[in-house]
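Need coordinates for the following:
(one chain, ligands or ions: 1)
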Amino acid sequence: MKKDSKIYIAGHRGMVGSAIHRHLVGLGFANFIFRTSAELDLRDQRAVNEFFEIERPDYVFLAAAKVGGILANNNYRADFIYQNIMIEANVIHAAYATGVEKLLFLGSSCIYPKMAPQPMTEDCLLTGLLEHTNEPYAIAKIAGIKMCDAYRDQYGCNFISVMPTNLYGPNDNYDLQNAHVLPSLIRKFHEAKLNNEPAVTVWGTGSPRREFLHADDLAAACCYLMEHYNEAGLVNIGTGVDVTIAELAMEIKEVVGYEGAVVYDHTKPDGTPRKLMDVSKLSKLGWTYKIALREGLEKVYSAYGKVKSE
Ligand code: GDP
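Here you go, the predicted structure:
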């Protein structure tokens with residue numbers, strides 16, 4: 001990318017898109033195009049085609065998606081598959097039709113089979129059944145990966161796919177019903193501390209294992225791959241380190257400074273037992289994460305605590 005290349009970040013107000021924007025600004029890029037979802041509905045094919053015809057971006061980061069935690073994915077199954085497939089199909093096709101130089105598509109670690117060998121390498125894609133709770137979202141994301149590869153095969157488009165692990169960071173969703181575990185637990189422990197509640201309820205058994213990456217690290221990896229990776233297939237982006245949900249809860253309890261008890265609600269689903277990324281492909285390409293979980297938790301909690309006490 002040249003410093004004056006025209007860059008479209010789809011989803012620039014979300015956690016991932018905003019982190020990519022901050023990172024690119026830090027590297028000296030300045031020629032961005034943004035559209036909020038109110039200005040451009042990415043599910044609307046005609047609107048997307050018109051936008052690409054007029055703006056003709058050189059580079060596209062496709063970070064727009066309908067996302068959510070385990071309950072949101074499970075409760076809004078139709079919305080997750082429909083909206084994500086529409087966004088991907090419209091943006092990827094318009095990028096091809098208007099000669100975009102390069103596109104980076106963001107997927108998710110839930111595209112891998114529920115019982116994939118751990119840590120999960122890129123080649124375990126489509127080798128087994130998916131986790132039921134987020135199957136519609138995963139199918140949409142797999143369609144996005146396959147679209148990038150198909151447009152590369154048939155039309156020579158330089159479209160790449162990256163699969164981030166569970167993310168957290170600025171502009172995360174803290175809504176208790178729809179959020180992912182890390183922001184939900186930050187909020188639950190913070191509110192329990194303020195209200196002197198005797199216990200915090202953690203969903204499931206606490207035994208599933210999850211890997212967490214700070215959005216600033218993800219953004220750095222995406223920008224690195226935009227510069228250095230030009231192949232079919234996908235690249236995992238993670239730390240290669242995971243913790244149990246119970247361990248995560250203990251870390252957050254400490255960071256927040258909550259002194260009450262932790263109880264487990266076994267009526268809530270555990271989801272996939274483990275989804276640890278194998279990050280050796282990314283390491284070989286020359287990129288490693290910087291922000292360890294404890295440091296990242298302190299960063300996000302300090303920002304969250306500030307907003308909530310204002
Ligand atoms: P997943 O990675 O797709 O399963 O999505 P989540 O981040 O929503 O959930 C990860 C794990 O954390 C699951 O086993 C959840 O049951 C568990 N968990 C524990 N407490 C919570 C909570 O308060 N909110 C959410 N979303 N998950 C929780």
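
Show me where the chain has its helices.
15-27, 45-55, 70-75, 77-97, 135-155, 181-194, 215-228, 245-256, 280-285, 293-309 (DSSP state H).

is the first one anywhere near the ligand?
No - Helix 15-27 stays out of contact with the ligand when judged by C-beta under 6 Å from any ligand atom, the minimum separation being 13.3 Å. The C-beta positions use only the backbone N, C-alpha and C, and glycine is treated the same way.

Show me what that helix is packed against.
strand 7-10, strand 166-168, helix 215-228 (3 or more C-beta pairs under 8 Å, 6 or more residues apart in numbering; DSSP states H and E).

which of the ones you listed sits most buried?
strand 7-10 (a mean of 25; mean count of other C-beta atoms under 10 Å).

Please compute how far it lies from its chain's middle.
The gap between where strand 7-10 is centred and where its chain is centred comes out at 16 Å by C-alpha atoms, centre = their mean, to the nearest Å.

picking that back up, possible to save the helices of the chain as CSV with distance to Ile33 and mean pLDDT?
Below are those laid out as CSV (distance: least, C-beta to C-beta, whole Å; pLDDT from 0 to 100):
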stretch, distance to Ile33, mean pLDDT
helix 15-27, 11, 97
helix 45-55, 5, 98
helix 70-75, 29, 88
helix 77-97, 13, 98
helix 135-155, 20, 98
helix 181-194, 29, 97
helix 215-228, 16, 98
helix 245-256, 37, 98
helix 280-285, 27, 98
helix 293-309, 27, 88
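
Tell me the residues of the stretch 51-200 of the chain that contact the ligand?
Gly69, Ile70, Cys110, Asn134, Asn166, Ala179, His180, Val181, Ser184, Leu185.

Make a ChimeraX selection of whichever of those residues turn out to be buried.
Of those, the buried ones go into a single ChimeraX selection, burial set by 16 or more other C-beta atoms under 10 Å:
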select :69,70,110,134,166,179,180,181,184,185
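
now, which of the residues of the stretch 51-200 of the chain next to the ligand sits nearest Gly26?
Gly26 lies nearest to Asn166 out of those, by C-beta to C-beta, at 23.9 Å.

what separates that closest one from Cys223, distance-wise?
20 Å (C-beta to C-beta, to the nearest Å).

how much space between the spatially closest residue to Ala143 that is not a sequence neighbour and the ligand?
Once flanking residues are discounted, Ala143 sits nearest to Ile85: 5.7 Å by C-beta to C-beta, 6 or more residues apart in numbering. Distance of Ile85 to the ligand, given as C-beta to the nearest ligand atom, to the nearest Å: 19 Å.

Any idea how many residues pack against Val262?
19 (other C-beta atoms under 10 Å).

next one: Lys2
As a measure of burial, Lys2 has 10 neighbours, counting by other C-beta under 10 Å.

With Asn158 instead?
17.

tell me the contacts of it?
Glu101, Lys102, Leu103, Arg152, Asn230 (C-beta atoms under 8 Å, 6 or more residues apart in numbering).

That one and Arg152: what is the separation?
Relative to Arg152, Asn158 is positioned 7 Å away (criterion: C-beta to C-beta).

Kindly report the same for Val279.
In terms of C-beta to C-beta, Val279 sits 23 Å off from Arg152.

So which bits of stretch 53-68 are buried?
Applying 16+ other C-beta under 10 Å to stretch 53-68 flags Pro57, Asp58, Tyr59, Val60, Phe61, Leu62, Ala63, Ala64, Ala65, Lys66, Val67, Gly68 as buried.

Output that stretch as CSV, restricted to C-alpha atoms.
Taking C-alpha atoms only, stretch 53-68 is exported to CSV below (Å, rounded to 0.1, in the frame of the first residue of the first chain):
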residue,chain,number,x,y,z
GLU,A,53,-18.3,2.5,-8.8
ILE,A,54,-18.1,6.1,-7.5
GLU,A,55,-15.4,5.7,-4.8
ARG,A,56,-13.2,3.1,-6.5
PRO,A,57,-11.0,2.2,-3.5
ASP,A,58,-7.5,0.7,-4.0
TYR,A,59,-7.6,-1.5,-0.8
VAL,A,60,-10.5,-2.9,1.2
PHE,A,61,-10.5,-4.2,4.7
LEU,A,62,-13.8,-6.2,5.0
ALA,A,63,-14.4,-5.9,8.8
ALA,A,64,-18.2,-5.3,8.6
ALA,A,65,-20.2,-8.2,10.0
LYS,A,66,-23.1,-9.1,12.2
VAL,A,67,-21.3,-10.4,15.3
GLY,A,68,-22.2,-11.5,18.8
